[in-house]
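# Below are the sequence and a predicted model for it; my questions follow.
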Amino acid sequence: MDKLATLFFSSILLFVFAVPSDLYSQNRDYQLANNLMQQQKYEEALPILQQLHEGNPNAFVFFEKLTETLINLGRIEDAIQIAENQVAENRTMPRAGITLAELYHINRQKDKAVEKWNEVVEANKDRIQTYFSVASSMTDRREYRMAIEMYMEARLHFENPQLFQSELANTYLQAGQFENAVKSFYELIENSPGQMGQVQQRLLRMRDQELYTIASLELEDFIMELETDHPAYSQLAQLLSWLLLEIDDYRRAFVFARRYESQTSDLNYSLFNLASRLQSARQYELAADAFKFYIENEPGLRSRATRELSETYQLWARYLEQRGLETQERQHELYQKAYDLNKLLAEEAPNYNRLDRVLSAQIDLSLDIFKDSDKADEWYQKLLELNNHENTAHTYYAEGRLALFRSDFTRARQALTRADRSSDDSNLSEKARYFLSLSDFYGGDYEFAEIQLRSLERRNTSYYANDAIKLRMWIKNGLRSDTTGSTIKALGEGLHHIHTGSYDKALNLFEPFLVVSNHPFSDDIAVELAIHLPESYKKTVYAILNRKAENMHNSPLRERILWERVKAAEKLNKHENFEPADERFADGELTFIFSSEEIEELYEELLMEFPGGFYAEFVREILQSTEIPAL
């Protein structure tokens, strides 16, 4: 009896220890074969996988890897035979049957593939997973129509019209059936609003303008059938707004968002949020109209919308100024609107929680646009009163701006440094750092100016990033071209005179830059003067630009110079009350009266030289409006 007991327990122990050892061996061999497959060493992997499959034919993973290896070796017939045996023995079904169908399809036996897929479904009609697996297999083989029919068959069989909504939509998309795809996506969001982000990501990956156009049209129709209080309405509205912005249909986006905001009793901020994106897209007129809607219709948002509208006008004017678009009067009109709105806000809403930013903006406008330090000082005093004469980031910033304007560069550096360090507002910090770099530049401390500018350049979204790049390049080129520092010093002094509105002093300092055609800063200064000199200097501006246009044909700024020249000529052609041209820059034979044909010739010259340039589209529109064939 004891011997029998001993033998029994020995057998049990042998089984317990043998099984893990066998499993370990299989796992080791499988990992080896898998690594060989990843290295595309299929010949070496094949015998290992054959042995694993023969030793455990009920393990689908071994069967799957074996057939995959045979496919990669071009032995498709061998893979089919193994799969047929697997199905005949009813092992690892229904997955083995789906694999066999795929092998038939790879071997161009499409009828047999379809027959096998259908057999698998027929044998497992009450299993949702089988429908999904077969349809996914069909999709993998790019049989999208079959996959769609399979999903639809599942819906009918299980009497569930919402079954496989996401899968069906994606299959429609892959099949190029955009209308059906987006309709399915919208039904998915209607039933599950939380899926909106997933749908948007799916559409985003497509990057197809035709798809976005169809999707926006279908969604407009779809959303019109829903009530605004439907749980999915706000999600679908966001998606429509995104689609319309993607296809640059800003007007439709604005109209829809305004209608949506008007239809709800409570604020949904659809138009407000859109306005911010319109700003980013430089659709300033529509953004302004959006903020006006809230000023006129929503008392609770009046102060905030007024501030945003003022900011929109400033961004709009700055954009036109930097690119030389429209007239200086138009730019000044926008700046004046911004100033007046801020003034109104300060008077009507003295308790507005962001009034310090409003007052700070007034100081910027007073100095940068109106060149009036007394006006800026009045706003500075209001800012001090707002903060009970305690220093804050905004008061330090204002102090620094005023000191910079008044050439007190040491005080400007100190105040702007404090503003940057004490600010938790990234926008104010960027402004403080930019004007701090200007303080260093104007004061002759070029090394520290470059340090500040580099930090701004790294902030790609910074309002001052481009200005920072331009100023740093000026410093770099100025120090390189003249080791004595006299050139960079004159450049800084001249730019400061422009900054403070002392234009005649600036022209005196820039004369050596402008009369020498190959001066390293000649073209840059010409463009800066075209941007910043008032309208009364237009003849002098034209004379400077015309000289550059005729003598500097390889300048990187040539397109901008030609554009500014024709705009100056156009302005001179419309008005007569300009100061005489500065004789230092105007040739004796130069005239300032232009016929319409001469203006058109200047535009055509610009378009001929730069048919794909930044201004080409604007020039074509101008020529078409004058019925001159656009080149």
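On my side now, so go ahead. Numbering: from 1, shown residues only.
# residues contacting residue 574?
Residue 574 is in contact with no residue at all, counting by Cβ atoms under 8 Å, 6 or more residues apart in numbering. In short, each C-beta sits where N, CA and C put it, glycine included.
# Same question for residue 542.
565, 568-569, 572, 581, 592.
# where does the stretch 401-550 of the chain dip in pLDDT?
Counting by pLDDT under 70, the stretch 401-550 of the chain shows low-confidence ranges at 459-463.
# Could you pull out the strands in it for me?
With strands called from DSSP state E, counting those that start in this stretch, the stretch 401-550 of the chain shows none.
# can you give me the helices in it?
409-422, 426-442, 446-457, 465-481, 486-500, 503-515, 522-532, 538-551 (DSSP state H, counting those that start in this stretch).
# returning to what we had before: now for the contacts of residue 542: which two are most distant?
Maximum pairwise distance in the contacts of residue 542, criterion Cβ to Cβ, is 13.5 Å, between 565 and 581.
# circling back: can you flag which of the contacts of residue 542 belong to helices?
Residues of the contacts of residue 542 located in helices (DSSP state H): 565, 568-569, 572.
# give me the number of residues near the closest residue in space to residue 417 that isn't next to it in sequence?
Nearest non-adjacent residue to residue 417, counting by Cβ to Cβ, 6 or more residues apart in numbering: residue 436, 6.2 Å away. Counted by other Cβ atoms under 10 Å, the residues lying close to residue 436 total 27.
# Please report how far residue 436 lies from residue 411.
The spacing between residue 436 and residue 411, counted by Cβ to Cβ, to the nearest Å, is 12 Å.
# returning to that earlier point: in this model residue 414 seems to touch the residue nearest to residue 417, though I could be wrong.
No: counting by Cβ atoms under 8 Å, residue 436 does not reach residue 414; the two are 9.7 Å apart.
# list residues touching both of those two?
By Cβ under 8 Å, 6+ apart, the residues touching both residue 436 and residue 414 are residue 400.
# Now residue 614. Its backbone dihedrals?
For residue 614, the backbone dihedrals are phi -60, psi -40 (criterion: degrees, to the nearest 10).
# And the pLDDT at it?
Residue 614 is assigned 93 on the pLDDT scale.
# could the contacts of residue 542 be laid out in CSV, adding distance to residue 32?
Shown next, in CSV, are the contacts of residue 542 (distance: Cβ to Cβ, whole Å):
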residue, distance to residue 32
565, 74
568, 77
569, 79
572, 83
581, 86
592, 86
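# If we only consider the residues you listed, which is nearest to residue 69?
Nearest member of the contacts of residue 542 to residue 69, counting by Cβ to Cβ, is residue 565, at 71.0 Å.
# Give me the spatial nearest neighbour of the closest one, chain neighbours excluded.
residue 545 (4.0 Å).
# what about the one you found, distance to residue 212?
42 Å.
# So for those two, which sits in the more crowded spot?
residue 545 (26 against 23).
# Tell me where the stretch 101-250 of the chain is predicted with low confidence.
Using pLDDT under 70, the stretch 101-250 of the chain has no residue that qualifies.
# residue boundaries of the helices in it?
Under DSSP H, counting those that start in this stretch, the stretch 101-250 of the chain gives helices at 110-123, 128-140, 144-158, 165-174, 178-191, 196-206, 209-224, 233-246, 250-263.
# and the fourth one, how far out from the chain's middle?
Shown here is helix 165-174, whose average C-alpha point lies 27 Å from the average C-alpha point of the whole chain (Cα atoms, centre = their mean, to the nearest Å).
# List the buried residues for that helix?
165, 167-173 (16 or more other Cβ atoms under 10 Å).
# Run a quick check on residue 195 versus residue 188, I expect a contact.
Yes: using Cβ under 8 Å, residue 195 is in contact with residue 188, at 5.3 Å.
# anything in contact with each of those two?
Joint contacts of residue 195 and residue 188 (Cβ under 8 Å, 6+ apart) are residue 166.
# show me what contacts the spatially closest residue to residue 506 that is not a sequence neighbour?
Of all residues not flanking residue 506 in the chain, residue 497 sits nearest, at 3.9 Å (Cβ to Cβ, 6+ apart). Residues in contact with residue 497 (Cβ under 8 Å, 6+ apart) are 503, 505-506, 509.
# one more time with 10 Å
503-510 (Cβ atoms under 10 Å, 6 or more residues apart in numbering).
# Quickly note the distance from it to residue 507.
9 Å.
# what do you get for residue 165?
70 Å.
# can you check residue 202 too?
Remark: distance between residue 202 and residue 507 (Cβ to Cβ) = 59 Å.
# More neighbours: which of these two?
With neighbours defined as other Cβ under 10 Å, residue 202 and residue 507 compare such that residue 507 has more, 22 against 16.
# residues touching the more buried one, list them.
By Cβ under 10 Å, 6+ apart, the residues touching residue 507 are 494, 497-498, 514, 525, 529, 533, 537, 540, 544, 582, 584-585.
# from these, which is closest to residue 64?
The closest of the contacts of residue 507, once distances to residue 64 are taken by Cβ to Cβ, is residue 525, at 71.8 Å.
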